[in-house]
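Colleague: Return a 3D structure for these sequence lines:
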Amino acid sequence: MSLTAEHKAAVRCSGLDKSYGAKQVLAGIELEIRAGERCCFVGTNGSGKTTLLEIIMGLKIPSRGSVEVLGTTPTDPRLKGRRAMLMDRASFPFYAKVKEVVWLYSSFYPKQFDLAALLRSFDLSADSFVRHLSKGQRQRLGILLALLGEPEIILLDEPTSGLDPQARFRFWEILGGRLEENPGSTLIFATHDLSEAELWADRVGILHYGRLITIRTPEDLCRAAIGTRRKVTIVGKPRGEPEGLRVEGVASVARLGPEVALYTDQPERVLQGLALADDSLQFRVENVTVRDAFFKLTGEVPDEAATLAVQKPV
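Modeller: Below is the predicted model of the structure:
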C-alpha cells in the first residue's frame with residue numbers, strides 16, 4: 001500500500017473483529033473516517049471503544065478483517081509521528097517539572113518550539129511539578145504533548161473523564177482552538193458524555209456489545225432513531241405506566257431513569273393534553289438529543305458523566 005501525502009479516508013475498517021480467547025470485543029466493524037473529520041464513539045463500558053482506538057493506533061492487532069490508517073497498515077513504522085493518542089489515564093514522570101517533560105517530548109521532533117509560549121497557550125505553569133497537577137492540568141499537558149508533532153490523526157480515549165465542568169470547558173476550548181489552526185487534522189475520540197459527543201463531533205458512532213450499530217451526524221442520528229425534533233420531559237414519577245401518557249401529538253414514549261420523555265413535534269399541544277393528577281410534577285420542553293437516540297437504539301440509559309457538558313465556545 002502506498003503512503004502518500006493526502007488520503008480521502010484517514011481510517012478504513014472492513015470486517016474488523018477482535019477477540020481475546022472466547023470473548024469477542026469487536027465484531028464486523030465497517031467504518032470509514034474522512035481526513036479532517038471529528039468522529040466520536042460512544043457506548044457503555046465494555047462496548048469496545050478503547051479497543052477500536054488502540055487498533056487504529058497500532059497498539060493492538062485485529063483478530064480478523066482489515067484496517068487502513070492513512071493508506072497503510074496501523075503498524076507501519078512510516079506512521080510514526082503522523083498520529084498521536086492520549087489515553088484515559090495518561091502518566092508522566094511524577095517528580096519532573098512540566099517544562100522538563102515538555103522539553104523531553106519536544107526533543108523528539110526536528111521543529112523548534114517556544115516552550116514558554118506553548119505552556120502559556122495551554123494554561124500550564126513551567127515550574128509546576130507533575131505530581132502537583134490537577135487531573136484537568138494533566139489532561140492539558142497530555143494534549144499538548146500529543147499535538148507537538150502536529151499529527152494528522154489525534155486519538156483521545158475518554159479525555160474529560162472525571163473532570164469538573166470548568167476543566168472540561170478549558171480542555172475543549174484549547175483543543176478546539178488547535179483544531180481550527182489545523183483543519184486537516186482528524187480527531188477520533190471516545191466518551192461517555194453524550195452531550196460532549198453531540199457538541200464536538202461531526203459524526204457519532206454507537207458501539208454496542210462490540211458492534212457498530214450506526215454512525216451518523218448528530219442531527220441524522222436523532223432524526224433516524226426518534227423521528228421528532230422535540231420532547232416533553234416529565235421529571236418525577238407519574239401515576240401508571242409511561243404509555244398512559246401518550247396523549248394526542250405524542251409519537252413515542254420512553255422512560256430514561258427517573259424521567260419520562262414524550263417525543264413530539266407539537267410540545268404545546270401535548271402539554272395541554274396532559275391531565276395529570278399529580279401537580280407536583282415538573283415539565284421541560286427541549287430538543288431531542290443523542291442521549292435519546294442512544295437509549296432508543298440500545299435500550300440502555302448511558303453511563304455518562306454526572307457533570308454538565310461543556311458548551312462550545314462562540
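Colleague: from here on, contacts and neighbour counts on C-alpha atoms
Modeller: Will do.
Colleague: What are the neighbouring residues in contact with the spatially closest residue to residue 116 that is not a sequence neighbour?
Modeller: Residue nearest to residue 116 in three dimensions, not counting chain neighbours: residue 126, with 7.3 Å by Cα to Cα, 6 or more residues apart in numbering. With contact set as Cα atoms under 8 Å, 6 or more residues apart in numbering, residue 126 has these partners: 97, 98, 99, 116, 119.
Colleague: And those residues, which of them are buried?
Modeller: The neighbour-count criterion (16 or more other Cα atoms under 10 Å) marks 97, 98, 99, 119 among the contacts of residue 126 as buried.
Colleague: just checking, which of those residues belong to strands?
Modeller: Using DSSP state E, no member of the buried ones among the contacts of residue 126 falls within strands.
Colleague: And residue 138, what's its pLDDT?
Modeller: Note on residue 138: pLDDT of 90.
Colleague: Could you dump the buried ones among the contacts of residue 126 into a markdown table with pLDDT and distance to residue 58 added?
Modeller: A markdown table is the format used below for the buried ones among the contacts of residue 126 (pLDDT from 0 to 100; distance: Cα to Cα, whole Å):
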| residue | pLDDT | distance to residue 58 |
| --- | --- | --- |
| 97 | 95 | 30 |
| 98 | 95 | 28 |
| 99 | 95 | 29 |
| 119 | 92 | 29 |
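Colleague: thinking again about what came up before, what's the spacing between the residue nearest to residue 116 and residue 219?
Modeller: As for residue 126, its distance to residue 219 is 42 Å (criterion: Cα to Cα, to the nearest Å).
Colleague: now swap in residue 274 and tell me
Modeller: The value you get for residue 274 to residue 219, if Cα to Cα is used, is 28 Å.
Colleague: Likewise for residue 33?
Modeller: Residue 33 sits at a distance of 18 Å from residue 219 (criterion: Cα to Cα).
Colleague: okay, these two: which has more neighbours?
Modeller: Just comparing residue 33 and residue 219: by other Cα atoms under 10 Å the higher neighbour count belongs to residue 33, 19 against 16.
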